[in-house]
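Visitor: quick check, what structure comes out for this input:
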Amino acid sequence: MFRILLIALLLYTGVQAQLLFPGAPSSAWAATLLVFWLMLAWQILYRRHADVVDARWFRGLAWAGSTCFGVWATFVLFSLPIDAVALAVDAARPSPGLLPDALRGGLAAAVLVTAIGVAQTLRGPVLRTVNVPVEDLHEDLEGFTIVQLSDLHVGPTIRRRYVARVVRRAMSVEADMVAITGDLIDGHPERLSAEIAPLAGLSAPLGVYYVTGNHEYYWGGERWIAAVAGLGCIPLIGRHVVVRRGHAAVLVAGVADPAARDFGLPRGTLVENAARGAPDADLRLLLAHRPGAAGAAAAAGFDLQLSGHTHGGQFFPFSLLVRLTHRYHRGLARLGRMWLYVSAGTGYWGTPHRFWVPAEIAVLKLTRAAGKNFPEEFSRTA
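Guide: Modelled structure (predicted):
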């Protein structure tokens, strides 16, 4: 299926390139092949020979290819509606030069949007404070603060410097707890140990907790769990801990990403098992990489779930399409009495392009809800 889709996108891009440069069809197809080579070559090479990650030439290729991917993806998403509108206008009133001119404008806009998106990415993640009004919150949990990191994707283009910046910003918040909700890396532990080392600087009075995302399992899930534990984080793979703030008890549970099942590692993937045998608690918190676990979490009696995975679409206009595939794609939502927060991601994947969807470090502050009736905006995905 992937190959069919790839061929379809290649052909579509080639046709668009011919419309952009009608006088040089061979050059248009050569440019198309070059774009696809740039986008794919570094990823294929990295997966087959992960040891190239430290080579300077490979870093240059990865940055060029991933940025090219951002321009291409943005252009394709711009060009689809341009095609539809131009063809409709042309059908009503023939205008031979309308579509090529519109596509040139779309390409220019894609380059500009990607350039802005890359510039935003290079500034690092923003601190995003979110107040969560919890029903019947214990008085000792008023102001309870959780810093959430998610989808950092340390790898060929996200390196130690970026990770260190994330840690500094996270530690600028006086949080009670730190939660890492998966997709921490893209690479093998032995190749990226130095790049993730700054994570050892994360600390909080009630602990730093970690659950796996799907990407950990592409690169050796069990080895990554051990590597992250070695940095002082507490993996919660289908298990829970109970910590206290004042006289209040907080249950913190976590589940492995369902991708573990594809690699024969189903341990800890079921939400209903994560808090089995747990004592009563004043707050029940679940860490689950995918927001799709929310239904099971609400049924299991959790008060709050923290997730990531969607990246909030990562960049406009893909941020509009992600709403079609993920019911909970970004921000704060409510399911019954349970709250769900979906992080837009602390890093990025594929392309360093975050136009209109900035990378974030979420700072969730619990407050006592005034009553049982919540504002309308909290009944749907934020």
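Visitor: hang on, isn't His240 packed against Val250?
Guide: No - taking contacts as CB atoms under 8 Å, His240 lies outside contact range of Val250: 10.3 Å. Every C-beta, even on glycine, is put in place using the N, C-alpha and C of the backbone.
Visitor: which one's more surrounded, these two?
Guide: Counting neighbours by other CB atoms under 10 Å for His240 and for Val250 shows that Val250 has the greater number, 24 against 21.
Visitor: the helix or strand harbouring that one pairs with which strands?
Guide: Remark: Val250 resides in strand 248-254, with elements defined by DSSP states H and E. When pairing is defined by DSSP bridges, strand 248-254 lines up against strand 239-245 (antiparallel), strand 283-287 (parallel).
Visitor: that strand: what's the following helix or strand?
Guide: Using DSSP H and E, the helix or strand that directly follows strand 248-254 along the chain is helix 259-262.
Visitor: run through the residues that contact the residue nearest the centre of the chain.
Guide: Computing the C-alpha centroid of the chain and ranking residues by CA atoms, centre = their mean puts His311 first, at 3.1 Å. For His311, the contacting residues are Asp151, Val322, Ala344, Gly345, Tyr348, Trp349, Val357, taking CB atoms under 8 Å, 6 or more residues apart in numbering as the criterion.
Visitor: which one of these is nearest Asp257?
Guide: When the contacts of His311 are compared for distance to Asp257, the smallest value, 11.6 Å, is given by Asp151; criterion: CB to CB.
Visitor: can you name the residues that contact the closest one?
Guide: 181-183, 213, 308-309, 311, 343, 345-349.
Visitor: what about Arg169, helix or strand, and which?
Guide: Since the elements are taken from DSSP H and E, Arg169 ends up inside helix 160-171.
Visitor: tell me how far that helix lies from the chain's centre.
Guide: Relative to the chain's own centre, helix 160-171 is displaced by 17 Å; criterion: CA atoms, centre = their mean, to the nearest Å.
Visitor: which strands and helices sit next to the helix or strand just after it?
Guide: Remark: after helix 160-171, the chain's next helix or strand is strand 177-181, criterion DSSP H and E. Packed against strand 177-181 by the contact rule (3 or more CB pairs under 8 Å, 6 or more residues apart in numbering; DSSP states H and E) you find strand 145-149, strand 208-211, strand 283-287, strand 304-307.
Visitor: and the angle for strand 177-181 with strand 283-287?
Guide: 30 degrees (axes from the mean of the first three to the mean of the last three CA atoms, to 10 degrees).
Visitor: by residue count, tell me the biggest helix in this structure.
Guide: Looking across the chain with DSSP state H, the single longest helix is helix 56-92.
Visitor: what packs against that helix?
Guide: helix 2-20, helix 25-48, helix 98-122, helix 318-325.
Visitor: from Ile237, how far out is Leu270?
Guide: Distance, Leu270 to Ile237, using CB to CB, to the nearest Å: 11 Å.
Visitor: ok, those two, which is more surrounded?
Guide: Summary of the neighbour comparison: Leu270 and Ile237, criterion other CB under 10 Å, with Ile237 having more neighbours (20 against 16).
Visitor: give me the pLDDT for the residue nearest to the more buried one when sequence neighbours are not counted.
Guide: Among residues not flanking Ile237 along the chain, Gly268 sits closest, at 3.7 Å (CB to CB, 6 or more residues apart in numbering). In this model, Gly268 is scored at 96, pLDDT.
Visitor: and the one 5 residues further on, by the same measure?
Guide: What the model reports as pLDDT for Asn273 is 96.
Visitor: give me the number of residues near it?
Guide: For Asn273, the number of neighbouring residues by other CB under 10 Å comes to 16.
Visitor: the one 5 residues further on too?
Guide: As a burial measure, the neighbour count of Ala278 was computed by other CB under 10 Å and equals 17.
Visitor: you'd agree it is up against Ala253?
Guide: Yes - with contact defined as CB under 8 Å, Ala278 counts as touching Ala253 (7.3 Å).
Visitor: overlap of the contact sets of these two?
Guide: Here Ala278 and Ala253 share the contacting residues His240, scored by CB under 8 Å, 6+ apart.
Visitor: low-confidence regions, the stretch 151-300 of the chain specifically.
Guide: Low-confidence segments of the stretch 151-300 of the chain, defined by pLDDT under 70: none present.
Visitor: next one, pLDDT for the closest residue to Val71 other than its chain neighbours please.
Guide: Across the structure, with CB to CB, 6+ apart as the measure, the residue nearest Val71 apart from its sequence neighbours is Thr114 (4.7 Å). Residue-level confidence at Thr114 comes out at 98, pLDDT.
Visitor: which residues touch Thr114?
Guide: Residues in contact with Thr114, defined by CB under 8 Å, 6+ apart, are Thr67, Gly70, Val71, Thr74, Phe315, Thr351, His353, Phe355.
Visitor: again, 6 Å this time
Guide: Counting by CB atoms under 6 Å, 6 or more residues apart in numbering, Thr114 touches Gly70, Val71, Thr74, His353.
Visitor: again, but for Leu103
Guide: Leu103 is in contact with Leu19, Leu20, Ser79, counting by CB under 6 Å, 6+ apart.
Visitor: tell me the most packed of those, by neighbour count.
Guide: With neighbours taken as other CB under 10 Å, the top of the contacts of Leu103 is Ser79, carrying 22 neighbours.
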